[in-house]
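A.B. asks: Whatever this is, show me its structure:
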Amino acid sequence: MDLSAILAQILADKNVEVVSKATGVGIEQIKDLATQALPILLNGISNLAKDSNTSGSLMKTLSEYAKFDISDIAGFLSKVDLAEGAKIIGQLLGKDQKSITEDLSKKIGLNSDTVTNLLSQFAPLVMTLIGQQTDKIQSVGNGIGAVASKLFGGGAAKTDKTEAASSELVIKLLSQILGG
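C.D. replies: Modelled structure (predicted):
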């Protein structure tokens, strides 16, 4: 799965219409925001995965979100807990949350509160998509090291499923999605 595949899932007309109706924001503004914000959110996940102080809780969170059914993304988005989404945004953007939302606000032409609300609606979906992709990769082969080795190249496969190995997989997955 790459960035364009994730965007395509999020930006399907039916999904954007649900968010538009819930927020009163125009469809094109939502699409523009999602297109600009997704790399920022994925970078936030990557940064948490790289930090030994946050990687364990990130992996637990991704595992929990991986269990959500997103076969009906529009339905999923209509039921998002915005308070939970706001917590995710706070974790992903950290101390830069205010400046990032203000910057996106200026680029999109929406106020910062609306941008934060929209990001809060999309954040659980992003966490679910990344969590499911991580789980899918982990379930193949004889362990996370074998899968990471197979997918991303490298030496001998490790078979222990440590948090560090899981975090490394997320970092590599996100690096692949973000194209770097």
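
A.B. asks: Check the offset of the biggest helix by length in the chain from the chain's centre.
C.D. replies: Using DSSP state H, we find that the single longest helix of the chain is helix 112-139. Put simply, helix 112-139 sits 4 Å off its chain's centre (C-alpha atoms, centre = their mean, to the nearest Å).

A.B. asks: Just the buried residues of that helix, please?
C.D. replies: 112, 114-134, 137-138 (16 or more other C-beta atoms under 10 Å). Yep, even glycine has a C-beta here, placed from its N, CA and C like the rest.

A.B. asks: can you check stretch 24-31 too?
C.D. replies: Going by neighbour count (16+ other C-beta under 10 Å), the buried part of stretch 24-31 is 25, 29-31.

A.B. asks: Among those residues, name the ones in strands.
C.D. replies: If you go by DSSP state E, the buried residues of stretch 24-31 have nothing in strands.

A.B. asks: Of those, just say which sits nearest to Lys107.
C.D. replies: The closest of those to Lys107 turns out to be Gln29 (C-beta to C-beta; 10.3 Å).

A.B. asks: From what I see, the closest one and Lys107 are in contact.
C.D. replies: No: assessed by C-beta atoms under 8 Å, Gln29 is found out of contact with Lys107, at 10.3 Å.
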